[in-house]
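Engineer: Could you work out the structure for the sequence below:
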Amino acid sequence: QVQLVESGGGLVQAGGSLRLSCAPSGRTFSTYATGWSRQAPGKEREFVTAIVWSNGTTYFADSVKGRFTISRDSDKSTTYLQMDSLAPEDTAVYYCGVFSGGGYYDASSYSYWGRGTPVTVSS
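Structural biologist: The predicted structure follows:
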């Protein structure tokens, strides 16, 4: 079973940047796509971005388009999330997951979530 570990979160000022990583805790794996979602306090988990491993096709929520970039290193089974121009509304716990079917823009289409990494953006 795939186990993912997210890292790279932290406290940053508005306008700053962070780079998150999502790596397997054990052996590497192959998959069709991976994605990031986030959950702010008191809110439901929402889709952020996804990437198809075979061809690098990417999908972004409108709220992060133009500011976030997703990439992957298939050899390391690692997915990255580069977040630029961060805003206070980006504050949330960020999770990565493996695409398990359904719509790319639906957070419930992903599984094997890690424990997440918290991101706090101060104004």
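Engineer: and the residue nearest to the spatial centre of the chain, what is it in contact with?
Structural biologist: Compute the mean C-alpha point of the chain, and by CA atoms, centre = their mean the closest residue is Trp36, 2.4 Å away. The contact partners of Trp36, by CB atoms under 8 Å, 6 or more residues apart in numbering, come to 20, 22, 48-50, 70, 79, 81, 94-97. In short, each C-beta sits where N, CA and C put it, glycine included.
Engineer: Gly101 versus that one, what's the distance?
Structural biologist: Going from Trp36 to Gly101 by CB to CB, to the nearest Å gives 17 Å.
Engineer: Need the pLDDT of Thr28.
Structural biologist: For Thr28, the model assigns a pLDDT of 88.
Engineer: measure the closest residue to it other than its chain neighbours to Phe47 for me?
Structural biologist: Distances taken as CB to CB, 6 or more residues apart in numbering place Ser77 nearest to Thr28, at 4.0 Å, with adjacent residues excluded. According to CB to CB, Ser77 stands 21 Å off from Phe47.
Engineer: if I read this right, Ser123 contacts Gly16, doesn't it?
Structural biologist: No. Taking contacts as CB atoms under 8 Å, Ser123 lies outside contact range of Gly16: 11.4 Å.
Engineer: What is the lowest-mean-pLDDT helix or strand in the chain packed up against?
Structural biologist: Scoring the helices and strands of the chain by mean pLDDT, DSSP states H and E places strand 110-111 at the bottom, with a mean of 94. Here strand 110-111 touches strand 33-39, strand 92-99, going by 3 or more CB pairs under 8 Å, 6 or more residues apart in numbering; DSSP states H and E.
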